[in-house]
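Engineer: for reference, the sequence and a predicted model appear below.
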Amino acid sequence: MSFAARLEAELEQFKRDGVYKRLNYLEAPQAARTKMQGRGDVVILSSNNYLGLCNAPEVVAAGKRALDQFGAGTGSVRFICGTFTIHRELEQALARFVGCESSLTYVSCWNANEGLVATLLGEQDIVISDQLNHASIIDAIRLAKTITKCQTAVYRHSDMSDLEDKLRAAQATKARLKLIFTDGVFSMEGDIAKLPDIVALARKYDAVVAVDDSHGTAVLGASGRGTAEHYGMLGQVDIITSTLGKALGGAAGGFTAGAAALADYLTQGSRPQLFSNALPPTVAGSALAAVQHVEHHPELVRRLHDHARYFRERLVALGFKPLPGETPIVPVILGETAKAIQMSELLLNEGVFVTGFGYPVVPQGHARIRCQLSAAHTRDDLDFALAAFKRVGASLGLI
């Protein structure tokens, strides 16, 4: 069997198993409601556009200004000739926003995570990771282990006793750097890391804490400054990685924030920074405007939190059992991957675009519909979606 034929056979098996993913094409900007090719108007409940900034006029206009001033691309990596003044402005704003001294941008948070672990850790060091961390952290650790031969350990999800056991073992082996790496908000569960406990353990065992706050930045805390602000701990987290591709305008890009020495050190040796073109100026410009917009409009964050509470409460009232939580990620567990995909297709027929997730994105038997709320939704949008959930849930015998 040829290579292409083997791939076609496996794709056909995906379809028979009911787990084949079909792409849906939007014909208008990402928004609470938008136009989908072949579907017309749909309510979006799958987007990371938590504050509705993807198409905010001032965010778009800032990207256009940066395009006119700096051009379409950087044409170089940062250390050669790809660093523009807009990068410095953005990095200063990001550091201020998340409560750190300095930050360094990347073309994605995936790159930021890869660049962090492999640059900081060697054979004498260990990274200790939450069991449910994002794939980018998992792959960053795998890469670092291959390249630098660093030690690795995984603790049970949010299990502080297990984390302490791993830290105690690392201390016994005299690991030089003990790096605890956790998501701030776990993207598939919607729960929040136990940051106060993690930081307390880090201080006890002389460890460093890194938080990927991609689903927390501009989402959690009274003014959207993330998981640290949610717990009243701004400035107390050693390292924060995050994305510009979600609540901060949704274009692309990521960053690592921490002490001034950290950004400098990563500039010297982080391979994704050394060998990838710098963040496009248009993205940097729009992301900078998004940060400034959030700083000036904290009411957007409050509205997002209100929407999340309302939607979760109404789902429970309808008879669904979403995972409990405080974030705008509201997962409804269905079990089988095929059932999650079927429900998402039926909801799309009702004009609600929400994605079903199954294996390998989540463990076998834990497939789900993951709802994500936005400050841009209106109460009418939410009620429209809830009515669709009621009809589809009844038809599938879920409620």
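Structural biologist: Happy to help now that I have it. Numbers count the residues shown, from 1 in each chain.
Engineer: when you work out contacts or count neighbours from here on, use the C-alpha atoms and nothing else.
Structural biologist: Fine.
Engineer: tell me, how many residues neighbour T267?
Structural biologist: When neighbours are defined as other C-alpha atoms under 10 Å, T267 has 18 of them.
Engineer: okay, now L304: neighbour count?
Structural biologist: In terms of burial, L304 registers 23 neighbours under the definition other C-alpha under 10 Å.
Engineer: which residues outside the helix or strand harbouring it are in contact with it?
Structural biologist: Element membership of L304 [criterion: DSSP states H and E] is helix 299-318. Identification of contacts with helix 299-318 by C-alpha atoms under 8 Å, 6 or more residues apart in numbering yields 50-51, 218-220, 222-224, 294, 321-322, 326-330, 373-375, 377, 379, 382, 386, 390, 399.
Engineer: following it, which helix or strand comes up?
Structural biologist: Later in the chain than helix 299-318, the nearest helix or strand by DSSP H and E is strand 329-335.
Engineer: tell me what angle that next one forms with helix 299-318.
Structural biologist: Orientation check (axes from the mean of the first three to the mean of the last three C-alpha atoms, to 10 degrees): strand 329-335 against helix 299-318 gives 30 degrees.
Engineer: tell me how far strand 329-335 lies from the chain's centre.
Structural biologist: 17 Å (C-alpha atoms, centre = their mean, to the nearest Å).
Engineer: buried sites along that strand?
Structural biologist: Residues of strand 329-335 classed as buried by neighbour count (16 or more other C-alpha atoms under 10 Å): I329, V330, P331, V332, I333, L334, G335.
Engineer: then whatever helix or strand comes next after it to PDB, C-alphas only?
Structural biologist: As assigned by DSSP H and E, the chain's next helix or strand after strand 329-335 is helix 337-349. C-alpha atoms of helix 337-349 as PDB (Å, rounded to 0.1, in the frame of the first residue of the first chain):
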ATOM      1  CA  THR A 337     -15.900  11.100  21.200                       C
ATOM      2  CA  ALA A 338     -18.600  10.200  18.500                       C
ATOM      3  CA  LYS A 339     -21.300  11.500  20.800                       C
ATOM      4  CA  ALA A 340     -19.500  14.800  21.400                       C
ATOM      5  CA  ILE A 341     -19.000  15.300  17.700                       C
ATOM      6  CA  GLN A 342     -22.600  14.400  17.000                       C
ATOM      7  CA  MET A 343     -23.900  16.900  19.500                       C
ATOM      8  CA  SER A 344     -21.700  19.600  18.100                       C
ATOM      9  CA  GLU A 345     -23.100  18.900  14.600                       C
ATOM     10  CA  LEU A 346     -26.700  19.000  15.800                       C
ATOM     11  CA  LEU A 347     -26.000  22.300  17.600                       C
ATOM     12  CA  LEU A 348     -24.500  23.800  14.500                       C
ATOM     13  CA  ASN A 349     -27.700  22.800  12.700                       C
END
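Engineer: lowest average confidence across helices and strands of this structure, where is it?
Structural biologist: One helix or strand of the chain scores below all others by mean pLDDT, DSSP states H and E: strand 355-357, with a mean of 88.
Engineer: which strands and helices sit next to it?
Structural biologist: On a contact count with 3 or more C-alpha pairs under 8 Å, 6 or more residues apart in numbering; DSSP states H and E, strand 355-357 meets helix 337-349, strand 367-372.
Engineer: who's in contact with that strand?
Structural biologist: 45-46, 337, 340-344, 367-371.
Engineer: and for stretch 177-185?
Structural biologist: When contacts are defined by C-alpha under 8 Å, 6+ apart, stretch 177-185 is touched by residues 121, 124-130, 133-134, 137, 167, 170, 191-193, 195, 202, 206-216, 226-227, 327.
Engineer: now that stretch: average pLDDT?
Structural biologist: What stretch 177-185 shows for mean pLDDT is 98.
Engineer: the closest residue in space to D381 that isn't next to it in sequence: which element?
Structural biologist: Distances taken as C-alpha to C-alpha, 6 or more residues apart in numbering place V43 nearest to D381, at 6.6 Å, with adjacent residues excluded. Assessed by DSSP H and E, V43 sits inside strand 40-44.
Engineer: same for that strand, what does it pack against?
Structural biologist: strand 33-36, strand 352-353.
Engineer: list the buried ones in that strand?
Structural biologist: Buried positions in strand 40-44, judged by neighbour count with 16+ other C-alpha under 10 Å: D41, V42, V43, I44.
Engineer: which ones among the contacts of stretch 177-185 map onto helices?
Structural biologist: Among the contacts of stretch 177-185, the residues falling in helices (DSSP state H) are I137, L167, A170, L195, A202, T227.
Engineer: quick one: which of the residues you listed is most hemmed in?
Structural biologist: Result: T227 is most packed of the ones in helices among the contacts of stretch 177-185 (other C-alpha under 10 Å), 31 neighbours.
Engineer: and the strands in the stretch 51-200 of the chain?
Structural biologist: Assigned by DSSP state E, counting those that start in this stretch, the strands in the stretch 51-200 of the chain fall at 102-106, 126-130, 151-155, 178-183.
Engineer: what's the domain layout of the protein?
Structural biologist: With domains defined by automatic domain parsing, the chain comprises 16-45+298-395, 57-296.
Engineer: looking at those, which is buried most?
Structural biologist: domain 57-296 (a mean of 20; mean count of other C-alpha atoms under 10 Å).
Engineer: that domain: end-to-end distance?
Structural biologist: Counting by C-alpha to C-alpha, to the nearest Å, you get 15 Å between the two ends of domain 57-296.
Engineer: how distant is that domain from the center of its chain?
Structural biologist: Domain 57-296 sits 11 Å away from the centroid of its parent chain (C-alpha atoms, centre = their mean).
Engineer: need the buried residues of strand 40-44 in CSV (columns: pLDDT and distance to F357).
Structural biologist: Output for these, formatted as CSV (pLDDT from 0 to 100; distance: C-alpha to C-alpha, whole Å):
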residue, pLDDT, distance to F357
D41, 96, 23
V42, 97, 19
V43, 98, 18
I44, 97, 16
